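Trainee: Just to be clear, the model below is a prediction. Sequence and coordinates:
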Amino acid sequence: MKAADIMRTWFATVKPSASLLDAIHLLLETNQRGIPVVDGEGVLVGIISEGDFLHRRKLGVDYPEGFWLEWPLGKDEGQLARERTSGLRVDAVMSRHPVCVDESATIEEVVKQMDIYQISQVLVPGIRAE
């Protein structure tokens, strides 16, 4: 079995200048675990995933234990995590070097890359977003 046999062929993308809150909403609306980040010409420049939202002490955002989306989306408007998150853009948090595989990669090769980099997904460049 190859990556092409199991990969998602439709996915949303986001621009580096998009707000972090918009990216979170897009993750929820599309049921994606990560969103490819593309520039104005559609070139892949990174990925933003659930993991990129967690443990962001260097940006002044560290979500307490529990369901991580409660904090940036916030039940309480005045929460510090929500306030800090609302001022960030995707390019401040995204992973700039996403792990990619060719669509002809075997499932074993895909899993190996996921294990090596301790990630839960890889990208297949060349597939167009809709």
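Mentor: That came through, no problem.

Trainee: Could you use CA atoms for every contact and neighbour count after this?
Mentor: Will do.

Trainee: which residues of this protein fall in strands?
Mentor: For the chain, applying DSSP state E gives strands covering 34-38, 44-49.

Trainee: what about the helices in this structure?
Mentor: Ranges of helices in the chain, per DSSP state H, are 3-6, 20-30, 70-73, 80-86, 90-93, 107-117.

Trainee: for these, which one sits closest to residue 99?
Mentor: helix 107-117 (7.6 Å; CA to CA).

Trainee: chain center to that closest one: distance?
Mentor: 18 Å (CA atoms, centre = their mean, to the nearest Å).

Trainee: try stretch 36-44
Mentor: 13 Å.

Trainee: Just the C-alpha atoms of that stretch, please, in PDB.
Mentor: The C-alpha coordinates for stretch 36-44 follow below in PDB (Å, rounded to 0.1, in the frame of the first residue of the first chain):
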ATOM      1  CA  PRO A  36      -0.600  23.300   5.400                       C
ATOM      2  CA  VAL A  37       0.600  26.900   5.300                       C
ATOM      3  CA  VAL A  38       1.000  28.300   1.800                       C
ATOM      4  CA  ASP A  39       2.300  31.600   0.500                       C
ATOM      5  CA  GLY A  40       0.500  33.800  -2.000                       C
ATOM      6  CA  GLU A  41       1.600  31.600  -4.900                       C
ATOM      7  CA  GLY A  42       0.400  28.400  -3.200                       C
ATOM      8  CA  VAL A  43       3.900  27.200  -2.300                       C
ATOM      9  CA  LEU A  44       4.200  25.200   0.900                       C
END
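
Trainee: buried stuff in it?
Mentor: Using 16 or more other CA atoms under 10 Å as the test for burial, stretch 36-44 gives 36-38, 44.
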